[in-house]
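Trainee: Task: produce atomic coordinates for the following.
(chains A and B)
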Amino acid sequence: AQKVTQAQTEISVVEKEDVTLDCVYETRDTTYYLFWYKQPPSGELVFLIRRNSFDEQNEISGRYSWNFQKSTSSFNFTITASQVVDSAVYFCALSEALTQGGSEKLVFGKGTKLTVNP
Amino acid sequence: EAQVTQNPRYLITVTGKKLTVTCSQNMNHEYMSWYRQDPGLGLRQIYYSMNVEVTDKGDVPEGYKVSRKEKRNFPLILESPSPNQTSLYFCASSWQQGHSPLHFGNGTRLTVT
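Mentor: Numbers count the residues shown, from 1 in each chain, chains lettered A, B, ... in the order given. Sure, this is the predicted structure:
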């Protein structure tokens, strides 16, 4: 069965520090999708990025970057020069492809709470 | 504006009093889902719907009902709420289950006393 582990429950950094949020996943499928969502203190859930299993290119979007490594089943998220507005709970999620016997169900990790202090 | 609208945002009720949390999306999405969020447990799926009149259980369906009579609406019904259903609930929609990003509602914080 698919599983997502976010081992870091809480992280606290000082503004301008770089921080990496870890995500390790388990799946028996060769085709799957990985996601990151952000939940700021206001509570809403916001989609950040999606990656499919065939695309191991790293992604950079401003101060955010994602490192996808199939060899270690990891999809880590790095915030460069963190800001107070980055304070949020971040969720990693995984879904498998129905066509290859997967469930297509989206499974979330338990989240990492990031606090960026001024 | 494309959005998922949940109501109410906050709800306090008593054990056993039936309640409904509404969810509506204006993006013509086929897939809709309900999650509950509890401290230390992350987001767990309650029910989902692949299309109109098609619903199925998620990981924690006990004590909940749903219906999907129209594409845009996916209400969550608690026939006889209990204190262990005190939680933060999210409705979400997407084009397809699994590989499409989810659009979430703003959440409903439910307290059952």
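
Trainee: In the worst-scoring helix or strand of chain A on mean pLDDT, which of the residues would be classed as buried?
Mentor: Comparing helices and strands within chain A by mean pLDDT, DSSP states H and E singles out strand A:59-61 as the least confident, with a mean of 86. For strand A:59-61, a neighbour-count test (16 or more other Cβ atoms under 10 Å in any protein chain shown) marks nothing as buried. C-beta: built from backbone N, CA, C; applies to glycine.

Trainee: Then stretch B:46-61?
Mentor: B:46, B:47, B:48, B:49, B:50, B:55, B:58, B:60, B:61.

Trainee: if we look at chain A, which of these are close to it?
Mentor: Counting by Cβ under 8 Å from any Cβ of the partner chain, B:48, B:58 from the buried residues of stretch B:46-61 sit close to chain A.

Trainee: re the thing from before, tell me the helix or strand right after the least confident helix or strand of chain A.
Mentor: Using DSSP states H and E, the helix or strand that follows strand A:59-61 in sequence is strand A:64-69.

Trainee: on that earlier part again, against which helices or strands is the least confident helix or strand of chain A packed?
Mentor: Applying 3 or more Cβ pairs under 8 Å, 6 or more residues apart in numbering or on different chains; DSSP states H and E, one finds that strand A:59-61 contacts strand A:46-52, strand A:64-69.

Trainee: Can you classify residue A:85 as helix, strand or coil?
Mentor: The assignment at residue A:85 comes out as helix when based on DSSP: H, G, I helix; E, B strand; the rest coil.

Trainee: Next up, the contacts around it.
Mentor: By Cβ atoms under 8 Å, 6 or more residues apart in numbering or on different chains, the contact list for residue A:85 reads A:40, A:116.
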